[in-house]
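[1] I need the structure of the sequence given here:
(2 chains)
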Number of protein chains: 2
Amino acid sequence: MALVVQKYGGTSVGDAERIRAVAEHVAQTLERGDQVVVVVSAMGKFTDELIALAEGIGPDRPPREMDMLLTAGERISMALVSMALGARGVQSASFTGSQAGIITDTDHTKAKILEMRPERIIEALEQGLVPVVAGFQGVSTDRDITTLGRGGSDVTAVALASALKADSCEIYTDVTGVFSADPRVVPSARRLNKISFDEMMEMAATGGRVLMLRSVEFARRHHVPLHVRSSFTWEPGTWIVEEDTTMEEAVVTAITDDVSESKITVAGVPDKPGIAAKLFRALADERVNVDMIVQNTSTLGSADISFTVASTDLKEALRVCNTVATELGAASVESTERIGRVSVVGAGMKSSPGVTAQMFETLTAHGINIEMISTSSIRISCVVDAEKVGEAVRALHTAFGLDA
Amino acid sequence: MALVVQKYGGTSVGDAERIRAVAEHVAQTLERGDQVVVVVSAMGKFTDELIALAEGIGPDRPPREMDMLLTAGERISMALVSMALGARGVQSASFTGSQAGIITDTDHTKAKILEMRPERIIEALEQGLVPVVAGFQGVSTDRDITTLGRGGSDVTAVALASALKADSCEIYTDVTGVFSADPRVVPSARRLNKISFDEMMEMAATGGRVLMLRSVEFARRHHVPLHVRSSFTWEPGTWIVEEDTTMEEAVVTAITDDVSESKITVAGVPDKPGIAAKLFRALADERVNVDMIVQNTSTLGSADISFTVASTDLKEALRVCNTVATELGAASVESTERIGRVSVVGAGMKSSPGVTAQMFETLTAHGINIEMISTSSIRISCVVDAEKVGEAVRALHTAFGLDA
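    Just a heads-up that it's a prediction; the model follows:
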């Protein structure tokens, strides 16, 4: 008998028919002899509708009240899923994040989990009930309702799986798994049966849209095997597991793309210690997340610092940079609003030189200019013209032998 | 400085514009120097939409899950009201029933309040915040979310007003107060400026649709002055207060009507002790609420027992009656699905004989047959043909000098 946490996203509980399909699948899992804990998101676009309601009220959306508002969404879907289970003959009970013992900090709209106290979930399991838990939400140390930010329902599922020592955590969504590239960009992309946490993290960090970095990190840290699969086909999807050192690894597993970032260059800053620290401390203080950073030193004793930020943070980042640049005596601050990033990810890269060279050669052969480069032991990313990203991904997918 | 609990019903928070109007009114109340605690219902027809969602899932609607589902409604409206207050420059914070310390029994969908622990509301007031509290909901002694049943938001408001020792509890709705009769039935009905708890209770029990009996009872027991008024005109409405013995009381204050009940007659039961007890115990065990009861004994040693129940309970009540009638050796069980009840209410009736006679004469003059009669010290009710109720109410309103 295994204990499985099954997380159903918004499209998976989008209407009554889909909710009944979820109940049927949970029932079948139980009939196989497994125990199930269900975690649900809000139905379809309901969260967006709530946000629209709030926007209709006025310009201010205090984070504490936004959390109170948005958590109504999971409340509805979890009650309906529990009713559908009842109709299918499965005894269940729904629990809010608070009732499930998800204790968070007080950082409303993007709270972090501090502690899991899932006593009521354990009790429910012992009573033979299927607990249906609201994803995305918790209760703060100040006893206020909090939400966990984007991808928060996945985090709930992984945290529960870890706290309950579940055998696996299944993430049900509207795609059939993790692919070697975004199938909308690369029609010949293949579904991956199994990848390592490290690879999934690199993919999530560089544009893989199936899972958020945060939940993968959490799963890796707590050794929770993830299984990403479709609630429309119910077929096995992609397992994300600890790296399997007994197998030979593919050199390159996937190509990812991302066009959601902007580039800022602070040019002509004096080349002396502490300059970069001042700039990035100022950005951090304003809660701007910086992604890639490249610094070149010219022979003239001054340096150019380039970095990327989410396009949604560009305005705020430029404000900070302009202030700091003046203080530092920099020559100029320049920006490109829309850049493209293409990344090659593969755990086998560690022991296989030449991937970088092949990547650059492939891009060059397609006349694609490389503006910035950043690497990790299992990833190489290049910033290119946003218009060229699709072509770059397709070329690399073919060059590294990933086409189906 | 007074402390006022203001309760806003579903139409009062029906859309963004109405919610902003509520925020404006709260702000003006504060500017007068008063303190305010807001209690809200779910927006407009949102609760009905949630019920329709549940009906789309399947035939079973477990009460615990219905409560989880329906409480999403107030969660949304309270967060929006709090945001609107913020936009109007009023600091506020919303609280669920659980956070407001509304502790109930475990009788889901119609829970009773066992205890009020409004520490967080008191804290919020001390910090200069306007607490916005979810009506209709609480948390049970089993730590589950409960709802208080029909009219539950009014109960929340009255219970909070009592626990906080508020100076008054304002019930905002879409009518301008309590009238001498339903204005849809009697166009010449007048708004009452002030009535006693006893009168309001009799009215609520006999078809007055503005307040539920339960919240008036609660307010009377805890000495909470109620003020029923409109959130559309914002004009003073009707005060419901302790009986004022220094004033001369109107003999008749209002005429009410009710067509939501059915009548059952168990005919030809043996005229011996314990028969009625058996019948009404059996009905109580099946949770059927019985309203008027009339028993006639014939000269033949057998009796007819007639009583009224809510039409929604008729089927269940008939099932119970047929079983019990067989056991008792009754001759027959008959029922009328739709009856009308017209009632005359007035605190001055106690010291003013002749009201009963005048009521019967008036109905007789209009050719309206009286099927059952029941009285209290300040009310007389007659069951009449449902089709004749409107005519009966108008005739009595005129006869007792209530026309505007």
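
[2] show me which residues of chain A are close to chain B?
    A:16, A:19-20, A:50, A:53-54, A:56-62, A:64-66, A:68-69, A:71-73, A:75-76, A:78-80, A:82-84, A:86-87, A:93-94, A:96, A:99, A:120, A:143, A:145 (Cβ under 8 Å from any Cβ of the partner chain). For every residue, glycine as well, the C-beta is placed using N, CA and C.

[3] checking A:Ser343 next. Helix, strand or coil?
    Under DSSP: H, G, I helix; E, B strand; the rest coil, the three-state class of A:Ser343 is strand.

[4] what's opposite it in the beta bridge?
    Following DSSP bridges, A:Ser343 is listed with bridge partners A:Thr256, A:Ser381.

[5] list the contacts of it.
    For A:Ser343, the contact set (Cβ atoms under 8 Å, 6 or more residues apart in numbering or on different chains) comprises A:202-203, A:206-207, A:255-258, A:379-382.

[6] now with 10 Å, please.
    Contacts of A:Ser343 were listed using Cβ atoms under 10 Å, 6 or more residues apart in numbering or on different chains, and they are A:202-203, A:205-208, A:254-258, A:359, A:374-376, A:379-382, A:393, A:396.

[7] tell me what the closest residue in space to A:Ile102 that isn't next to it in sequence is bridged to.
    Once flanking residues are discounted, A:Ile102 sits nearest to A:Gly138: 3.7 Å by Cβ to Cβ, 6 or more residues apart in numbering or on different chains. As for beta bridges, A:Gly138 partners with A:Thr146 under DSSP bridges.

[8] so A:Gly138 touches A:Asp67, yeah?
    Yes: with contact defined as Cβ atoms under 10 Å, A:Gly138 and A:Asp67 form a contacting pair (9.5 Å).

[9] neighbour count for the two, which is higher?
    Between A:Gly138 and A:Asp67, counting by other Cβ atoms under 10 Å in any protein chain shown, A:Gly138 is the more crowded of the two (31 against 25).

[10] now the more buried one: how far from chain B?
    A:Gly138 is 14 Å from chain B, where distance means Cβ to the nearest Cβ, to the nearest Å.

[11] next one, pLDDT for the residue nearest to A:Ile102 please.
    You'll see A:Gly138 listed with a pLDDT of 97.

[12] of the residues of chain A next to chain B, keep whichever come out buried.
    Neighbour counting with 16 or more other Cβ atoms under 10 Å in any protein chain shown marks A:16, A:19-20, A:50, A:53-54, A:57-58, A:61-62, A:64-66, A:68-69, A:71-73, A:75-76, A:78-80, A:82-84, A:86-87, A:93-94, A:96, A:99, A:120, A:145 as buried within those.

[13] quick one: the helices in chain A, in order.
    Secondary structure of chain A (DSSP state H): helices at A:16-31, A:46-57, A:63-70, A:72-87, A:119-126, A:152-163, A:197-205, A:213-221, A:275-285, A:314-328, A:355-365, A:389-399.

[14] which of the residues in the fifth one are buried?
    Residues of helix A:119-126 classed as buried under the neighbour-count rule (16+ other Cβ under 10 Å) are A:120-121, A:124-125.

[15] how about the first one?
    Using 16+ other Cβ under 10 Å as the test for burial, helix A:16-31 gives A:16, A:18-23, A:25-27, A:29-30.

[16] tell me how far stretch A:150-157 lies from the chain's centre.
    What separates the centre of stretch A:150-157 from the centre of its chain is 9 Å, taken as Cα atoms, centre = their mean, to the nearest Å.

[17] thought A:Gln99 was touching A:Val133?
    Yes: under the criterion of Cβ under 10 Å, A:Gln99 makes contact with A:Val133 at 8.3 Å.

[18] got any residues that touch both of those two?
    Common neighbours of A:Gln99 and A:Val133, using Cβ under 10 Å, 6+ apart, are A:93, A:118, A:120-121, A:124.

[19] surely A:Leu50 is in contact with B:Phe46?
    No: with contact defined as Cβ under 10 Å, A:Leu50 does not count as touching B:Phe46 (11.5 Å).

[20] overlap in contacts of these two?
    Residues touching both A:Leu50 and B:Phe46 (Cβ under 10 Å, 6+ apart) are A:72, B:72, B:76.

[21] just those residues now: which is nearest A:Asn289?
    For those, the closest approach to A:Asn289 (Cβ to Cβ) belongs to A:Ala72, at 28.6 Å.

[22] pull the contacting residues for that closest one.
    A:42, A:46-47, A:50, B:42, B:46, B:50, B:71-79.

[23] what are the pairing partners of the worst-scoring helix or strand of chain A on mean pLDDT, and which direction each?
    In chain A, no helix or strand scores lower on mean pLDDT, DSSP states H and E than strand A:290-297, which sits at a mean of 81. In the sheet, strand A:290-297 lines up against strand A:302-310 (antiparallel) (DSSP bridges).

[24] how about the partner strand: buried residues?
    If you call a residue buried by 16+ other Cβ under 10 Å, then strand A:302-310 has these buried ones: A:302-309.

[25] do stretch A:90-108 as well
    For stretch A:90-108, a neighbour-count test (16+ other Cβ under 10 Å) marks A:90, A:92-104, A:108 as buried.

[26] same check, this time on stretch A:32-48
    Along stretch A:32-48, the positions that meet the burial threshold by neighbour count (16+ other Cβ under 10 Å) are A:34-44, A:46-47.

[27] okay if I get those residues as CSV plus pLDDT?
    Output for the buried residues of stretch A:32-48, formatted as CSV (pLDDT from 0 to 100):
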residue, pLDDT
A:Asp34, 97
A:Gln35, 98
A:Val36, 98
A:Val37, 98
A:Val38, 98
A:Val39, 98
A:Val40, 98
A:Ser41, 97
A:Ala42, 96
A:Met43, 96
A:Gly44, 92
A:Phe46, 94
A:Thr47, 93
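
[28] closest to chain B among those residues?
    For the buried residues of stretch A:32-48, the closest approach to chain B (Cβ to the nearest Cβ) belongs to A:Met43, at 8.6 Å.

[29] I appreciate the help and will end here.
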